[in-house]
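**Student:** how would this look folded up:
(chains A and B)
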Number of protein chains: 2
Amino acid sequence: MTPEEIHASIYTMGQKARKAAHSLSLLSAENKSSILRAMAQGLRDSSAAILTANAKDITAGSSKGLSGALLDRLRLDAARIESIAAGVDQVADLPDPVGESLETVTRPNGIIIEKVRVPIGVIGIIFESRPNVTSDAAVLCLKSGNATILRGGSEAIHSNKAIAEALQSGGEKAGLPEGAVQLIPFTDRESVKVLAGMDKYLDLIIPRGGKGLIETVVSLARMPVIKHYDGICHAYVDTAADQDLAVAIIDDAKTQKPSVCNALETVLVNKDIAEAFLPKLAQRLQVRGVEIRGDEATLAILPNIIAASEDDWSTEYLDLIISVKVVASLDDAVAHINHYSSQHSEVIITTDAAAAARFQSEIDSACLFHNVSTRFADGEEFGFGAEIGISTDKLHARGPMGLKELCSYQYRISGTGQIKDIARQSGL
Amino acid sequence: MTPEEIHASIYTMGQKARKAAHSLSLLSAENKSSILRAMAQGLRDSSAAILTANAKDITAGSSKGLSGALLDRLRLDAARIESIAAGVDQVADLPDPVGESLETVTRPNGIIIEKVRVPIGVIGIIFESRPNVTSDAAVLCLKSGNATILRGGSEAIHSNKAIAEALQSGGEKAGLPEGAVQLIPFTDRESVKVLAGMDKYLDLIIPRGGKGLIETVVSLARMPVIKHYDGICHAYVDTAADQDLAVAIIDDAKTQKPSVCNALETVLVNKDIAEAFLPKLAQRLQVRGVEIRGDEATLAILPNIIAASEDDWSTEYLDLIISVKVVASLDDAVAHINHYSSQHSEVIITTDAAAAARFQSEIDSACLFHNVSTRFADGEEFGFGAEIGISTDKLHARGPMGLKELCSYQYRISGTGQIKDIARQSGL
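**Tutor:** Residues are numbered from 1 along each chain as shown, chains lettered A, B, ... in the order given. Sure thing, here's the model as predicted:
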């Protein structure tokens, strides 16, 4: 396709999405739920077609030499399709975020100002290999009254198309507006550029994937971008820590699922307890097969570990590796975290409420835990029902981003003829 | 200055601002208020220096041939400086938005999640001629715990520098952190580019000025931008309108201050009442000296007015001109507004509550009024105390943007050792 054809094709999708967004904003909560259930059924009905399409992606991936891990992320089977469909049903059952009255104020002049939650409009989602994102992102946007334009990676193009078609054909039966869920059916790189420049039709763009993808979108986008960067999460073990509890939390946060953004990467230990605590921690981590990289003071206590380099403090391992540093004080821990953290999630382990309060108010991160594993930084765990991701941004949405964060608001003001120029209130 | 020198100078300011933002986040409400009062006093103490600097700008502006209106916007006198200082004192007295608990949830597993309002961090403000923006923007950001880097226009550079210095020297006496309020002391165009690219230190950028400035910032910025575009505001006069009230509201919204973004630009009149209503409206607008530009149906009723062109429907006149169109129904009014509006503010005049509810829920604009002049789309009128502007964006802040909208939030989670892997809860 020529750049002009790509441009024309995506702008046509944009125009349709804008029209669909208006139709979606008029649907009742019941309408949207029944459309979502029909979309789930569409996935089940198209299971065979989705598996055939997925087989094409797997064959292409194998011959392109994709790694086993990547092929596994790409692969669908009947159980995975059912789990995607069940996810859609779950979203159908969540409370509708749209139309909720957030605040009502009556002003001294009698005007009543109501702040109401409304959809954002049209959301662009750019994502990489996992085909389930096609469904997850589309249904969360739909539930919150938004139209979506999806742009997936080339590795999953056949699967993505089949899933999008299944969602559309299922949804249409229950009144899904045309253009409400659209997938760009080609993966030319130019399409990212066109999408990111289309602020005429797109209100928000969310890149889901690696740092390279996010960076590209950030530099091209003319509309707001919500970024889900990496998680360089820290634990600080205070002098007043329950040390067994500290071991359990660090163990869980590092090893329960090391490949995710809310997993722990660095432990800071107060010097006053380092000698007592570090051997206990090392013993547990050894059982789990975790490699420890320590600073000089840690090495002095745990001579058999690896020395950490400066790079370790800013590395998201996503693996069974952890960096450990001895710090002189809570202040030093706060300063280290504010310098090296990706502002995702941090935890203090202490029985000292004042220390916890300082940790939680002096660190500029989305989620600050006290005596709780960082693995709880998650939309489901926060009670959001589902999440589109965890924002490392500070504007609009920060931390776990659920249905409410996929909404905007609007002011509805009513009165009895109030005008600004009071002198004229009685007419000419 | 070379581009490299500009880059180095602005990055040094960014680094200082980031450090200052951390200090600001630790200040109490009382600390910030007394700093703000000292800044107000700083402006009063430096009144002579500010006037001398302003005279330089006025001389330069005159010899550059600036229009009388522009020179008037630029000109300061003792009364204007006192009014700027009084504005700072007012902000000092507003309630502190930082630290407020927005929501607290206890989850079934016992963890307690508190959502707390926190500062955004470092905010860049790029603005054009009016020197009072230097003070207004800096103090609103400071009150909300943010550091600012200001970049004003070349016409007001001497005034802006004098005002920034007055704010800094006044504030320092009461503990203003170094780097909390900084003005870029040069106006090379390169500085906008460097600022917009500095996402390492800047969390948000707000361009205040014309469409050209906003467009430039949007295309360059790597961080969130909050845009304050123009206001193409509409009134719809329904069949069930109190026609005298409609005349009064349209008169007020158009003529009380035509140069502002919440002034009215287009009136849509239902065909069923057009013949009765339009002559009354025309009579009032004629008294005010307003030029009416009408569509064919309006011309048929008011033959002496000017014919509207397609361009009129998307023009922000900011002047005593108004476009008028006869529409067949509420649906047509909604469709016209959703097509031509800049999504700022619209008003319906009707006694029919159902029609008002449809108007207020089907139009995608920030502020939807019912029987109230659009001139009330304003932070002061909304009870925000002060506003940094009126956002035409849908993410983060929409409509009047006050101190709360200059804040982000953070989650503070506490527990008793909750870990994700429940099977391991009791240890190894």
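**Student:** what ranges do the strands span in the stretch 51-200 of chain A?
**Tutor:** For the stretch 51-200 of chain A, strands defined by DSSP state E, counting those that start in this stretch occupy the ranges A:101-106, A:112-119, A:122-127, A:147-151, A:181-183.
**Student:** who's A:Arg412 bridged to?
**Tutor:** A:Glu114, B:Leu368 (DSSP bridges).
**Student:** now do it against A:Leu406, distance only.
**Tutor:** Noted for A:Arg412: a distance of 20 Å to A:Leu406, by CB to CB, to the nearest Å. Placement of C-beta: from N, CA and C, glycine included.
**Student:** show me which of the two is the more surrounded one.
**Tutor:** The neighbour count for A:Arg412 versus A:Leu406, taken as other CB atoms under 10 Å in any protein chain shown, is higher for A:Leu406 (26 against 22).
**Student:** so what's the nearest residue in space to the more buried one that is not next to it in sequence up against?
**Tutor:** Spatial nearest neighbour of A:Leu406, excluding adjacent residues (CB to CB, 6 or more residues apart in numbering or on different chains): A:Ser144 at 3.9 Å. A:Ser144 is in contact with A:97-98, A:119-120, A:403-404, A:406-407, counting by CB atoms under 8 Å, 6 or more residues apart in numbering or on different chains.
**Student:** which one of those residues is nearest to chain B?
**Tutor:** Checking those against chain B with CB to the nearest CB, the nearest one is A:Ile120 at 5.5 Å.
**Student:** show the model's pLDDT score for A:Ala69.
**Tutor:** For A:Ala69, the pLDDT comes out at 85.
**Student:** ok, now A:Ser426?
**Tutor:** A:Ser426 is given a pLDDT of 54.
**Student:** number of residues surrounding A:Leu264?
**Tutor:** 28.
**Student:** redo the strands of the stretch 51-200 of chain A as JSON lines? Include distance to A:Asp421, mean neighbour count and mean pLDDT.
**Tutor:** Shown next, in JSON lines, are the strands of the stretch 51-200 of chain A (distance: least, CB to CB, whole Å; neighbours: other CB atoms under 10 Å in any protein chain shown; pLDDT from 0 to 100):
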{"stretch": "strand A:101-106", "distance to A:Asp421": "21", "mean neighbour count": "11", "mean pLDDT": "97"}
{"stretch": "strand A:112-119", "distance to A:Asp421": "20", "mean neighbour count": "20", "mean pLDDT": "98"}
{"stretch": "strand A:122-127", "distance to A:Asp421": "39", "mean neighbour count": "27", "mean pLDDT": "96"}
{"stretch": "strand A:147-151", "distance to A:Asp421": "41", "mean neighbour count": "26", "mean pLDDT": "97"}
{"stretch": "strand A:181-183", "distance to A:Asp421": "48", "mean neighbour count": "24", "mean pLDDT": "98"}
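**Student:** rebuild these as CSV, extending it with distance to A:Glu190.
**Tutor:** As requested, these are exported to CSV (distance: least, CB to CB, whole Å):
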stretch, distance to A:Glu190
strand A:101-106, 40
strand A:112-119, 29
strand A:122-127, 13
strand A:147-151, 11
strand A:181-183, 16
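**Student:** for A:Val326, what are its contacts?
**Tutor:** Counted by CB under 8 Å, 6+ apart, A:Val326 has contacts A:268-271, A:274, A:295, A:297-298, A:301.
**Student:** which residues of the stretch 301-428 of chain A fall in strands?
**Tutor:** Counting by DSSP E, counting those that start in this stretch, the strands of the stretch 301-428 of chain A are A:306-307, A:321-327, A:345-349, A:367-372, A:389-391, A:399-401, A:407-418.
**Student:** which of those strands has the lowest average pLDDT?
**Tutor:** Taking the mean pLDDT of the strands of the stretch 301-428 of chain A, strand A:389-391 comes last: a mean of 92.
**Student:** neighbours around the residue in the stretch 151-300 of chain A that chain B sits nearest to, how many?
**Tutor:** For the stretch 151-300 of chain A and chain B, the shortest gap (CB to the nearest CB) falls at A:Asp252, measuring 3.6 Å. Using other CB under 10 Å, A:Asp252 is surrounded by 25 other residues.
**Student:** circling back: can I get the strands of the stretch 301-428 of chain A in JSON lines with distance to B:Leu285?
**Tutor:** Listed next are those as JSON lines, based on distance: least, CB to CB, whole Å:
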{"stretch": "strand A:306-307", "distance to B:Leu285": "80"}
{"stretch": "strand A:321-327", "distance to B:Leu285": "71"}
{"stretch": "strand A:345-349", "distance to B:Leu285": "59"}
{"stretch": "strand A:367-372", "distance to B:Leu285": "56"}
{"stretch": "strand A:389-391", "distance to B:Leu285": "48"}
{"stretch": "strand A:399-401", "distance to B:Leu285": "48"}
{"stretch": "strand A:407-418", "distance to B:Leu285": "18"}
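**Student:** just the pLDDT at the nearest residue to A:Ala397 once chain neighbours are set aside, thanks.
**Tutor:** Excluding the flanking residues, the one nearest A:Ala397 by CB to CB, 6+ apart is A:Glu405, at 3.8 Å. For A:Glu405, the pLDDT comes out at 97.
**Student:** same thing with A:Ile422?
**Tutor:** The model's pLDDT for A:Ile422 equals 77.
**Student:** residues contacting A:Met401?
**Tutor:** A:226, A:379, A:387-391.
**Student:** my guess is A:Cys261 meets A:His228, correct?
**Tutor:** Yes. Judged on CB atoms under 8 Å, A:Cys261 makes contact with A:His228 at a distance of 7.5 Å.
**Student:** can you check which residues contact both of these two?
**Tutor:** By CB under 8 Å, 6+ apart, the residues touching both A:Cys261 and A:His228 are A:Ile390.
**Student:** looking at the strands of the stretch 51-200 of chain A, spot the one closest to A:Val88.
**Tutor:** strand A:181-183 (11.4 Å; CB to CB).
**Student:** per-residue pLDDT of the residue of the stretch 151-300 of chain A closest to chain B, please?
**Tutor:** Reported pLDDT at A:Asp252 in the predicted model: 97.
**Student:** pull the contacting residues for it.
**Tutor:** Here A:Asp252 is in contact with A:373, A:375, B:419-421, B:424 (CB under 8 Å, 6+ apart).
**Student:** try A:Val194
**Tutor:** A:6-7, A:10-11.
**Student:** restricted to helices, list these.
**Tutor:** A:6-7, A:10-11 (DSSP state H).
**Student:** and the helices in the stretch 301-428 of chain A?
**Tutor:** Under the criterion DSSP state H, counting those that start in this stretch, the stretch 301-428 of chain A carries helices at the ranges A:330-340, A:353-362.
**Student:** need the residues that contact the longest one.
**Tutor:** So that's helix A:330-340. By CB under 8 Å, 6+ apart, helix A:330-340 touches A:232, A:234, A:236, A:238, A:266, A:268, A:270, A:313-314, A:325, A:327, A:346, A:348, A:355, A:358-359, A:362-365, B:22.
**Student:** just the buried members of these?
**Tutor:** A:232, A:234, A:236, A:238, A:266, A:268, A:270, A:313, A:325, A:327, A:346, A:348, A:355, A:358-359, A:362-365, B:22 (16 or more other CB atoms under 10 Å in any protein chain shown).
**Student:** chain center to the worst-scoring helix or strand of chain A on mean pLDDT, what's the gap?
**Tutor:** Counting by mean pLDDT, DSSP states H and E, the weakest-scoring helix or strand in chain A turns out to be helix A:68-74, with a mean of 89. What separates the centre of helix A:68-74 from the centre of its chain is 21 Å, taken as CA atoms, centre = their mean, to the nearest Å.
**Student:** over to stretch A:417-427?
**Tutor:** 49 Å.
**Student:** in that stretch, what's buried?
**Tutor:** A:417-420.
**Student:** what of stretch A:135-142?
**Tutor:** A:135-142.
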